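Q: next input, structure requested:
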Amino acid sequence: MKNIKLLNKLAAGLSLGLFSLTVNAGALPVSATVLEFADDNTLFVADSDGGQILAYSLPKAKPATASTSFNLEGAGSQIAKLLGVDSLAIDYHDIAVHPVSKEAYISLSTQSKGSRTPVVVRANQAGEFAKVDLASLPKTVKKLTATATDDVTFWRDIPATTLGITDLDYVNGTLYVSSLSTGEFASTLRKLSYPFDDSSTSSNIEIYHTVHNQTETRAPIRAMTVLELDGVETVVAAYTCTPLVTIPASKLNDGAHVKGKTVAELGYGNTPLDVIHFSAQNQQQQMEEFVLVLHKERSADLIRVADLAAANKQPGLSTPEMWAKAGVATRPVPLAGVLQAADQDAQFIATLKRNLVTGDMDLVSFRKGAYFRLNDFISEYNFSDYKYLPEQEMFRNFQNLLKTDAGYSDLVRQLEEK
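A: As a prediction, this is how the structure comes out:
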């Protein structure tokens, strides 16, 4: 009888989201959308449809011995073959890079006869793909409260639960969770302690949207990263159509209504896909921190963290801007077709990229500082009789580096004699 009472108490606690439960095996989550690594062997998997987050303990990984780019064109076809499904039956959700092995973890769902099955696939730079057996891995589960329900739909058949968890970012023992919740203040930003306990907070977020010329409380954060601006831990969040907002983490108290500061307008008619933070060489060949915002309908925006910090000191945008960009300075970079990205290592960004020629899904890396792949183009430099001049030495070296990155080291060109 005591054991039954204890089990009932555990079930009640889990249903209220008061604490989490560690298990060695179990059923798959309802969905597997956003991925985030906590440390060397902990992978967070957002179950947006199920309103929960699962922290899986992965086997110890072998460290990567070198910085190697992903050049897996046609990865989607290989994944479809691995899973025994048609490539058109796969929806891709996110990519995360293992901090030790530098392997890519890809979350997706397969569709069959009206049902969806969540899957996480692991891939290395050699082109080896494997399905991650989530059901066999030890995990802890954090159930969220007041999450969006499927009785609300958008465009007739898109359930609100697909926005139940829109992004994750883990920083110093805290998991930040952007989400759509129930109620008038539907845009919600949560902070969860990890390992999971009952110390979570849930704050409602409002912003001023320059294109819409109104304060908004319903639209959820679509993508975010957490970093320090002038020593203050800050959420940098992107919304649809496309305001960029800063939110001090210290204001995210449980039950608080927090107003974010709109520091940039990145363009109307667009959905942000991802926001990542990393260090890279700038144009002066010095290391600097950047934020990269990937878009569905626009070129990606590269933003200096120093410029973000400067903009964050200002009052923020508060007047309408319908057609042009406004606020913090950005640099457009040519990452067309990129759906999701992750900071791979000191040299590369790993991406899931839709191949605009074949329509397949590619798993490829972009060199930081370049943000394009040379093999995507045929230009003057590809002709066999093109001769590099001595003053083009730096340019030739850079192109040779990009050729090697993409797996074309046999096409490296030496400086021609006069």
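Q: leaving out the residues flanking it, which one is nearest to Ala300?
A: Closest residue to Ala300 in three dimensions, ignoring its sequence neighbours and counting by C-beta to C-beta, 6 or more residues apart in numbering: Leu335, at 4.2 Å. Yep, even glycine has a C-beta here, placed from its N, CA and C like the rest.
Q: any idea of the pLDDT on the one you found?
A: Predicted confidence (pLDDT) for Leu335: 95.
Q: confirm Ser384 sits in a helix?
A: No: following the definition DSSP: H, G, I helix; E, B strand; the rest coil, Ser384 is coil and is not counted among the residues of a helix.
Q: so where's the chain uncertain?
A: For the chain, the stretches with pLDDT under 70 are 1-26, 183-185, 415-418.
Q: 50 - rerun?
A: The chain contains residues with pLDDT under 50 at 1-19, 24, 418.
Q: just want the most central residue of the protein.
A: The structure's the chain has its C-alpha centroid closest to Asp274; by C-alpha atoms, centre = their mean the separation is 4.5 Å.
Q: the closest residue to that residue other than its chain neighbours: what secondary structure?
A: Leaving aside its chain neighbours, Asp274 sits nearest to Leu294 (4.3 Å; criterion: C-beta to C-beta, 6+ apart). Counting by three-state DSSP, the backbone at Leu294 sits in strand.
Q: Glu265 bridge partners, please.
A: With DSSP bridges applied, the residues forming beta bridges to Glu265 are Pro243, Ala326.
Q: which ones are touching it?
A: If you count contacts by C-beta atoms under 8 Å, 6 or more residues apart in numbering, Glu265 has them with Thr210, Val211, Thr242, Pro243, Leu244, Leu317, Glu321, Ala324, Lys325, Ala326, Gly327.
Q: distance of the closest residue to the last one other than its chain neighbours relative to Pro332?
A: Read it as Gly327. Closest residue to Gly327 apart from its sequence neighbours, by C-beta to C-beta, 6+ apart: Ala264 at 3.5 Å. With the distance defined as C-beta to C-beta, to the nearest Å, Ala264 ends up 13 Å from Pro332.
Q: ok, these two, which is more surrounded?
A: Legend: neighbour count by other C-beta atoms under 10 Å for Ala264 and Pro332, higher for Ala264 (28 against 15).
Q: so who does that one touch?
A: Neighbouring residues of Ala264 by C-beta under 8 Å, 6+ apart: Pro243, Leu244, Ile303, Ala311, Leu317, Lys325, Ala326, Gly327, Val328, Thr330.
Q: now with 6 Å, please.
A: Taking C-beta atoms under 6 Å, 6 or more residues apart in numbering as the contact definition, Ala264 lies against Leu244, Gly327, Val328.
Q: need the nearest residue in space to the first one, chain neighbours excluded.
A: Counting by C-beta to C-beta, 6+ apart, Leu244 lies nearest to Ala264, which is 4.0 Å off, once chain neighbours are set aside.
Q: equivalent analysis for Asn124, please.
A: Once flanking residues are discounted, Asn124 sits nearest to Glu103: 4.9 Å by C-beta to C-beta, 6+ apart.
Q: phi, psi of that neighbour?
A: Its backbone dihedrals place Glu103 at phi -70, psi 150, with angles given as degrees, to the nearest 10.
Q: returning to that earlier point: report the buried residues of the helix or strand the residue nearest to the centre of the chain falls within.
A: Here Asp274 sits within strand 272-281, counting by DSSP states H and E. The neighbour-count check on strand 272-281 (16 or more other C-beta atoms under 10 Å) flags Pro272, Leu273, Asp274, Val275, Ile276, His277, Phe278, Ala280 as buried.
Q: now those in JSON lines, with distance to Ser409?
A: Formatted as JSON lines, the buried residues of strand 272-281 follow (distance: C-beta to C-beta, whole Å):
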{"residue": "Pro272", "distance to Ser409": "35"}
{"residue": "Leu273", "distance to Ser409": "31"}
{"residue": "Asp274", "distance to Ser409": "30"}
{"residue": "Val275", "distance to Ser409": "33"}
{"residue": "Ile276", "distance to Ser409": "28"}
{"residue": "His277", "distance to Ser409": "31"}
{"residue": "Phe278", "distance to Ser409": "25"}
{"residue": "Ala280", "distance to Ser409": "23"}
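Q: looking at those residues, spot the one nearest Val235.
A: Val275 (9.8 Å; C-beta to C-beta).
Q: tell me what the closest one is bridged to.
A: Taking DSSP bridges, one obtains Val293 as the residues bridged to Val275.
Q: which one of the contacts of Ala264 is nearest Leu28?
A: Distances from Leu28 to the contacts of Ala264, taken as C-beta to C-beta, are shortest for Leu244 (34.9 Å).
Q: ok, that closest one to Asp362 distance?
A: As defined by C-beta to C-beta, Leu244 lies at a distance of 27 Å from Asp362.
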